[in-house]
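In: Mind folding the following:
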Amino acid sequence: MNEVWNLDPIYKGFDDPNFEGDLNALRQEVESFSTFVGVLGETEPLTGLKKGIAAQERIADLANRLAEYATLRQNADSRDPQAGSHLGRIMGVYSGLAAPAAAFESWAAGLQNLTELVGSDADLKDYTFLFGKMQKTSRYLLPGVGEAVMAKMSLSGGSAWSDLQQYLTSTVPVTYRGQTITLSAVRNLAYDADPQVRKDAFEAELACYDRIKDSVAFALNSIKLETISDCQLRGYQSPLDRTLQHSDMERATLEAMFGAIDEYLPKFWQYLKAKAKALGHENGLPWYDLFAPMGKSSTRFTTEDARDYLVELFRGFNPEEADMIARAFDEAWIDFFPRSGKTGGAFCAGIECLGESRILTNFDGQLGDVVTLAHELGHAYHNHCTRSHRTLNRDYSMPLAETASTFNECVVMGAAINRAADDTEKLSLLESQLQDITQVICDIYSRYRFETRVFENREEQFMDAAALCELMTEAQKASYGDGLDHNALHPYMWVNKSHYYGPTFYNFPYAFGALFARGLYAQYEKEGEAFVPKYNQLLYTTTVATAEETARVAGIDLTDREFWRGALKTVARQIDWFCEILEECKS
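Out: Residues are numbered from 1 along each chain as shown. Presented below is the predicted three-dimensional model:
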């Protein structure tokens, strides 16, 4: 089986004539669109709407193909000079779309009979939701050349600082027990069965950040100041307000979710303290033991094992998804193993020109790595379900982006726990799932709190590495409570997590996705096969509806705290079960 993904179906390389041809075509399309927008005032409205949408579809298809290829090349090896250079060229051309796209949006939103025009034409009806968003967001667009200026400046501003963080964290050498390894490799050791390995790896990880902390601090400060300035210029109340509007999500939903989480945080602290006590710690769990395995599970997976396991499992849930998973393994959609220069963590990218996806992981053969594969394959299936939409209707918002991925985690872990041979294996699997949900509740909450404080401070002051570390530990104490040992926290999580260097507040969507998916999975357990068509329809809806409207496909009110409590109750029951098994194992 392949170890790296195959990008050849997109382009054979940067010297592929098709690459340069598409880049030239993109440049011509952007220039042509700009010219077209310049005469919109003289164009019959319905004709203008149809031509504008058709042009943006062509631009999106070209830009997505070019940018995905260059980005995937860069993620596979951040030291690839061609990838960074060509990605800059692509974004330079694409940034020329900002001003005419804003002008088209303002023109369309200003049409008094826009709703009637869209409803009267078969080609435009598909974009009803898109035009509705234009009407809501047009007032935040910058006039004149404002959008073009912001897009151009971002290339040497926020995007460049983000690239710096990615480059530094993917190339920083880590000295572990006399050997030099990658940051991804040393972080994988947090899951090792040997407690001394975990502790040594944690200390080696923290030590490596000292080499890059100041540079990354500059990156974070610069990105956040750029975001603040952007929000002020556009008239958003705050960066969070901007994120919620871009996410098509109501503040009432966010408040309902975090309100329920606040009620249940002590339950997560109970789990952490129980784990700490079982591992011999009296003052809460030290950070280096957060991912310590428990129970007995010596199961290791090759990539072939992972394929067979996931295909068989999802065949019983949704044959359509099982077929897609088999394709992903068999047709080289996945880049599996860690290596120097490769981006850490995992992600999935939709390759719309192929009707496929590409997945990056740092596979180490443990069950958690199989769960990660299932998570990313969930994103791929989400892409699969929305692919029949028109080109401009394929992007789902950040909160809904984690729905299918986290649902897949529930499928894998639910099956694994049910198949467990005895209590020690159940303990191992249950603990693995509780690790994950604690990350997307407690750790995500700490990241949300940290980012909130950074925005509160950044307008008035530059925060050096020490100040950022202090904010990080304060956020961890508030979110993890007495579940963690306050003398063994992780002050450098702001250096490591790429989420701070991309979309603003790309943290709460993980908590949203985890709890929303758990609520959906509970419905699946009740309804069985009858749930699957509803689930597919819900995923299809995510790109053409708000978060609240999408949830209503499954009969869910996201602004009702009781829904979120219901999802958290399923976690609470698992924590009680975990504690019971620990007690039984003692006796």
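In: give the contact list for the nearest residue to residue 412 once chain neighbours are set aside.
Out: Closest residue to residue 412 in three dimensions, ignoring its sequence neighbours and counting by Cβ to Cβ, 6 or more residues apart in numbering: residue 374, at 4.6 Å. To be clear about C-beta, it is placed using only N, CA and C from the backbone, and glycine gets the same treatment. Residue 374 makes contact with 310, 408-409, 411-412, according to Cβ atoms under 8 Å, 6 or more residues apart in numbering.
In: got it, and residue 65?
Out: When contacts are taken as Cβ under 8 Å, 6+ apart, residue 65 is in contact with 10, 22, 351-353.
In: and those as a markdown table, adding pLDDT?
Out: Converted to a markdown table, those look like this (pLDDT from 0 to 100):
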| residue | pLDDT |
| --- | --- |
| 10 | 98 |
| 22 | 98 |
| 351 | 97 |
| 352 | 95 |
| 353 | 95 |
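In: buried stuff in whichever strand or helix holds the residue nearest to residue 412?
Out: Taking DSSP states H and E as the criterion, residue 374 maps to helix 367-386. The neighbour-count check on helix 367-386 (16 or more other Cβ atoms under 10 Å) flags 367-386 as buried.
In: after that helix comes which helix or strand?
Out: Note on helix 367-386: by DSSP H and E, the next helix or strand toward the C-terminus is helix 398-401.
In: tell me the angle the next helix or strand after that next one makes with helix 367-386.
Out: Next along the chain after helix 398-401, taking DSSP H and E as the criterion, comes helix 403-419. Inter-element angle recorded for helix 403-419 and helix 367-386: 140 degrees (by axes from the mean of the first three to the mean of the last three Cα atoms, to 10 degrees).
In: got the contact list for the closest residue to residue 408 other than its chain neighbours?
Out: When the adjacent residues along the chain are set aside, residue 408 lies closest to residue 378, with 3.5 Å between them (Cβ to Cβ, 6+ apart). By Cβ under 8 Å, 6+ apart, the residues touching residue 378 are 404-409.
In: 10 Å - rerun?
Out: Applying Cβ atoms under 10 Å, 6 or more residues apart in numbering to residue 378 gives the contacts 314, 321, 325, 348, 402-412, 513, 517, 539.
In: Kindly report the same for residue 184.
Out: Contact partners of residue 184, counting by Cβ under 10 Å, 6+ apart, are 169-170, 174, 337-340, 342-345, 362, 364.
In: same check, this time on residue 383
Out: 324, 348-352, 355-357, 394, 396, 404, 539.
In: can you check residue 347 too?
Out: 72, 75, 358-361, 375-376, 379, 498.
In: out of the contacts of residue 184, which are buried?
Out: Among these, those buried by neighbour count (16+ other Cβ under 10 Å) are 169-170, 174, 338, 340, 342-345, 362, 364.
In: Now go through these and say which are in helices.
Out: Using DSSP state H to define helices, the subset of those located there is 169-170.
In: sec struct for residue 357, please.
Out: With DSSP: H, G, I helix; E, B strand; the rest coil as the basis, residue 357 sits in strand.
In: That one: how many residues sit nearby?
Out: By the criterion of other Cβ atoms under 10 Å, residue 357 has 26 neighbours.
In: Was I right to think it contacts residue 381?
Out: Yes: at 8.8 Å, residue 357 counts as touching residue 381 under the criterion of Cβ atoms under 10 Å.
In: Can you get me a residue count around residue 162?
Out: Per other Cβ under 10 Å, the neighbour tally for residue 162 reads 19.
In: Find the nearest non-adjacent residue to it, please.
Out: In this structure, residue 162 finds its nearest non-sequential neighbour in residue 501, 4.2 Å apart by Cβ to Cβ, 6+ apart.
In: Quick one: residues contacting the one you found.
Out: Residue 501 makes contact with 158-159, 161-166, 169, 216, 219-220, 223-224, 494 under the criterion Cβ under 10 Å, 6+ apart.
In: what do you get for residue 130?
Out: Contact partners of residue 130, counting by Cβ under 10 Å, 6+ apart, are 53, 56, 105, 108, 118, 124, 390, 392-393, 395, 543-544.
In: one more time with 8 Å, if that's ok
Out: The contact partners of residue 130, taken as Cβ under 8 Å, 6+ apart, are 392-393, 544.
In: and which of those residues is nearest residue 280?
Out: Proximity of the contacts of residue 130 to residue 280 was ranked by Cβ to Cβ; the top entry is residue 544 with 52.6 Å.
In: does that closest one sit in a helix, a strand or a coil?
Out: At residue 544 the chain is in coil, as set by three-state DSSP.
In: Not counting its neighbours along the chain, what's nearest it?
Out: With Cβ to Cβ, 6+ apart as the criterion, residue 544 has its nearest non-adjacent residue at 4.4 Å, and that residue is residue 129.
In: Now do the contacts for the one you found.
Out: Residue 129 sits next to 393, 544-545 when contact means Cβ under 8 Å, 6+ apart.
In: gap between it and residue 366?
Out: 41 Å (Cβ to Cβ, to the nearest Å).
In: try residue 303
Out: Distance, residue 303 to residue 366, using Cβ to Cβ: 13 Å.
In: So which of the contacts of residue 129 is the closest to residue 257?
Out: Looking across the contacts of residue 129 and measuring by Cβ to Cβ, the closest to residue 257 is residue 545, at 18.3 Å.
In: got the phi/psi numbers for that closest one?
Out: The phi/psi pair for residue 545 (degrees, to the nearest 10) reads phi -160, psi 160.
In: Run through the residues that contact it.
Out: 129, 248.
In: can you tell me how far it sits from residue 250?
Out: Distance, residue 545 to residue 250, using Cβ to Cβ: 13 Å.
In: One more: residue 195?
Out: 45 Å.
In: Which stretches in the chain count as strands?
Out: Ranges of strands within the chain are 174-176, 179-181, 334-335, 347-351, 356-360, based on DSSP state E.
In: So for residue 243, which of those sits nearest?
Out: Taking Cβ to Cβ, strand 347-351 is the member of those nearest to residue 243, at 19.4 Å.
In: most neighbours, which of the contacts of residue 347?
Out: residue 358 (27 neighbours).
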